[in-house]
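> A predicted structure for the sequence below; I have some questions about it.
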Amino acid sequence: MNDREREWAALLRAANAGDGRAYARFLAAVTPVLRGIVRSRARGHSPDAHEDIVQDVLIAIHTKRHTWDQTAPLLPWLYAVTRYKVIDAFRRQRIAVHLPIEDFQESLAADMQDATAARDSAALLARLDPRSAGIVRAIGLDGDSAAEVGQRLAMSEGAVRVAMHRAMARLGRIARGEKG
Amino acid sequence: MRTEDLLVRIAADPPQPPLRPGRMLAQTAAAMAGCCLLFLAVMGTRDGLGTALSQPLVAVKSLLPLLVCLACLPAALHGARPEARPARPWVPLALAGAAGALWLASYALRPPGARFADVSVPAVAECLGFILALAALPLSLAIALLRRGAPTRPRAAGALAGLAVAAGVAAGYSLYCTQDNPLFYLTWYGAAIGLAAAVGALAGDRWLRW
C-alpha cells in the first residue's frame, strides 16, 4: 500500500507538472483498481454499467486532478473522488428511470444520443418482455408516436400508452433492484 | 467509448494550474473587505463609533460575527479539496451558544416594554437588506472559486461559504448600524446570516456538483 502511494503520487505529481507519459502510466495503473472497487460496490449492475461508472470516475480524476494537494498523501484524495462519483452514478441511474413518462419522450430521448446511456437502457430493456421492450424502444428511444406504434402492432393508441406506462414502471422497479 | 480510448484521450490533455485554497481565501476576504469599505465610505460609520465600541454589548455586535467568519471561512474554502474532512465545529458552536446565552440574558434582564421596542419593518429590512446585499458579491465569488475545486459535499460547502461570508460582512455592517439592543442584532444578524447560508446551500446544490 505504501509502495502504491509513493509510486502513484510520484506519477501524478509528474503528470500535473506536464509529463503526459507519466500521466498515461498513472491512469493505466489506477484503472484496474477502480474496476475492482466499482465491481465490489455495484453488484447487481451489468458489467457495462460498471465500466460506465469506471469511466465517470476516470473523467472526474482527470478534470479534478489539480485539486490534489501534492504535499499530502494521494490515496485519500483518490478514494474521496472515487467515492463521490460512484455514489453520484448510482443516484443518477435511479433518477433516470424515475422520470415521468411525459419527460421521458423529450429529455431521455435526447440523452440517448450518448452511447453509454443507450447501453444502460439496452441492458434494462433486455429484462422486459419483447413486446414492452419494443414499445419503449420505439417511443422512448426512436421518438415514434404512440399512434404509429399502435398501427404497427395493431393496438389502439390508448393501449400503447398504457403498455408504455406499465413498462416504464417495471423498468423503474428493476432499476431500484426490486423484482420486475 | 472504450475505456482504453478514453485514457489515451485524457492523457494527452495539458495539466491545469494547482488549486490554491489559501489564495481563494485571500480573494474572498478581499472581496468582503472591499464591499464593506465601499459601503462604509458611502454611508459612513455610526456617530461616535469609538465610544460606542467601548461598550461591551456594542463591541459584541461586531466581534461575534467577525469570530464566526474567522472560524468558518477557512473551513469553507478548504472544503474545495475532496479529501477534506469536515472540521469539528466546536468554535462555531461555542459562538452560537454564546449568542444564544446573550439573547436569553438580554430577554430576562430587559423590562418587557423595552425588549422588542426597536423592531420595525424598516429597521429589520435595513438590517437584512444591507447584510444580504453586502454578502452577494463575495459569496458569488466564493462559489465561483469553489467550482474549480471538488467539494464532496456541495450543499454543505455552499452553506458554509454563505454563513462565513455573511458573518464577515455583518461585522463590517455593524460599524454603521445603530441597533445596540442584543435582542435586535442577535436576532436579525442571525436571520441574515442564516438566509445567506440557505442561499449558499442552494447555490452549492446547483453549481458545486461535479
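Sure, I can see it.
> and the most centrally placed residue in chain A, what pLDDT?
Nearest to the mean C-alpha position of chain A, by C-alpha atoms, centre = their mean, lies residue A:52 at 4.9 Å. pLDDT, residue A:52: 86.
> residue B:202: neighbour count?
14 (other C-beta atoms under 10 Å in any protein chain shown). Heads up, the C-betas are built off the backbone N, CA and C, glycines and all.
> OK, contacts around it?
residue B:158 (C-beta atoms under 8 Å, 6 or more residues apart in numbering or on different chains).
> for the helix or strand encompassing it, what does the pLDDT average out to?
Secondary-structure assignment from DSSP states H and E places residue B:202 in helix B:182-207. For helix B:182-207, mean pLDDT is 96.
> please identify the buried residues of it?
Neighbour-count burial for helix B:182-207 flags B:182-190, B:192-193, B:195-197, B:199-201, B:203-204 (criterion: 16 or more other C-beta atoms under 10 Å in any protein chain shown).
> one more: stretch B:140-156?
Those would be B:141-143, B:145-156, for stretch B:140-156 by 16+ other C-beta under 10 Å.
> next one: stretch A:121-138
Of all the residues in stretch A:121-138, those buried under the rule 16+ other C-beta under 10 Å are A:121, A:123, A:124, A:125, A:128, A:132, A:133, A:134, A:135, A:136, A:137, A:138.
> list the contacts of residue A:60.
A:81, A:84, A:85, B:150, B:210.
> swap the cut-off to 6 Å and go again
Listed by C-beta atoms under 6 Å, 6 or more residues apart in numbering or on different chains, the contact set of residue A:60 reads A:81, A:85.
> which of the helices or strands spans it?
Take DSSP H and E as the rule and residue A:60 turns out to sit in helix A:47-63.
> ok now that helix, how far from the chain's centre?
8 Å (C-alpha atoms, centre = their mean, to the nearest Å).
> for stretch B:19-26, same thing?
On C-alpha atoms, centre = their mean, the centre of stretch B:19-26 falls 17 Å from that of its chain.
> what mean pLDDT does that stretch have?
95.
> ok, and for that stretch, which residues are buried?
Buried-residue list, stretch B:19-26, by 16+ other C-beta under 10 Å: B:19, B:20, B:21, B:24, B:25.
> out of these, who's near chain A?
Contacts with chain A within these, as defined by C-beta under 6 Å from any C-beta of the partner chain: residue B:19.
> can you tell me which of the buried residues of stretch B:19-26 is closest to chain A?
residue B:19 (4.7 Å; C-beta to the nearest C-beta).
> the closest residue to the closest one other than its chain neighbours: neighbouring residues, count only.
Spatial nearest neighbour of residue B:19, chain neighbours left out: residue A:67 (4.7 Å); criterion: C-beta to C-beta, 6 or more residues apart in numbering or on different chains. Neighbour count of residue A:67, defined by other C-beta under 10 Å: 23.
> find the pair from the buried residues of stretch B:140-156 with maximum spatial separation.
Farthest pair in the buried residues of stretch B:140-156 (C-beta to C-beta) is B:141 and B:152. Separation: 21.5 Å.
> how long is stretch A:123-138 end to end?
16 Å (C-alpha to C-alpha, to the nearest Å).
> so where is chain A shaky, pLDDT-wise?
Counting by pLDDT under 70, chain A shows low-confidence ranges at A:1, A:43-44, A:94-120, A:177-180.
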